[in-house]
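Engineer: here you go, sequence then predicted model.
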Amino acid sequence: MFHVDVSYIIISMINILVLFLFLKVFLFQRVGAVIEERQRTIERSLQDADLKKTEAYQLKQDYENDLKQAGNQAGIILKEAKERAEIEYVTILSEAKKEAAKTMEESRKAIELEREKSVEMAKSEIASVALLAASKVVGKNVDDDTNQQYLGDFLKEVGAAK
């Protein structure tokens with residue numbers, strides 16, 4: 001049968017109590033201190049993470065604001081560039097029109113001068129032919145000075161008839 005001795009129970013209880021006290025003094029306190037230190041480290045890490053998260057969010061907001069401002073400045077610069085290009089376009093167009101008008105006026109003057117020269121040459125040729133015809137009709141040829149005098153008189157009459 002089963003026999004239980006009270007002395008074994010008391011000795012076992014004392015052993016357990018001594019073991020518990022020994023573990024409490026040497027193991028549980030140190031393990032508790034390590035656990036508390038680990039808990040403080042985790043709490044600090046969480047606080048640092050929250051702080052870093054807040055800083056990161058603030059940096060993100062700053063970058064977004066800077067990016068938005070850069071976009072606005074780019075728009076302003078683009079608008080100014082378009083305005084300057086429009087002014088330059090108008091200036092160049094105006095100068096080109098002035099240059100074209102000047103060229104047209106010079107061409108018109110050159111054409112008028114050439115026309116006048118052509119008319120004078122034609123008058124001279126016509127007068128020479130008329131004198132030649134007149135000398136053939138009259139039957140005599142007068143000297144060159146007289147021919148030139150007749151030619152000048154003829155041109156004056158033709159010019160006055162206009």
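Structural biologist: Received the coordinates, thanks.

Engineer: what helices or strands is the helix ranked longest in the chain leaning on?
Structural biologist: The residue-count maximum for a helix in the chain (DSSP state H) belongs to helix 29-138. Helices and strands touching helix 29-138, by 3 or more C-beta pairs under 8 Å, 6 or more residues apart in numbering; DSSP states H and E, are helix 144-161. The C-beta positions use only the backbone N, C-alpha and C, and glycine is treated the same way.

Engineer: low pLDDT regions in this protein?
Structural biologist: Scanning the chain for pLDDT under 70 picks out the ranges 1-2, 131-144, 147, 150-151, 154-155, 158-162.

Engineer: centroid-nearest residue for it?
Structural biologist: Using C-alpha atoms, centre = their mean, the residue of the chain that lies closest to the mean C-alpha position is L78, 6.1 Å off.

Engineer: separation between that one and I126?
Structural biologist: L78 sits 70 Å away from I126, going by C-beta to C-beta, to the nearest Å.

Engineer: just I11 next, same as before
Structural biologist: I11 is 163 Å from I126, by C-beta to C-beta.

Engineer: then N15?
Structural biologist: 157 Å.

Engineer: which of those two has more neighbours?
Structural biologist: I126 (13 against 10; other C-beta atoms under 10 Å).

Engineer: V119 versus the more buried one, what's the distance?
Structural biologist: I126 sits 10 Å away from V119, going by C-beta to C-beta.

Engineer: what of I11?
Structural biologist: 154 Å.

Engineer: show me what the helix or strand hosting F22 is packed against.
Structural biologist: Per DSSP states H and E, F22 falls inside helix 6-23. For helix 6-23, the contact count by 3+ C-beta pairs under 8 Å, 6+ apart identifies no helix or strand as a packing neighbour.

Engineer: what angle sits between it and helix 29-138?
Structural biologist: On the basis of axes from the mean of the first three to the mean of the last three C-alpha atoms, to 10 degrees, helix 6-23 is oriented at 40 degrees to helix 29-138.

Engineer: report the distance from helix 6-23 to the chain centre.
Structural biologist: 90 Å (C-alpha atoms, centre = their mean, to the nearest Å).

Engineer: now swap in stretch 32-43 and tell me
Structural biologist: 60 Å.
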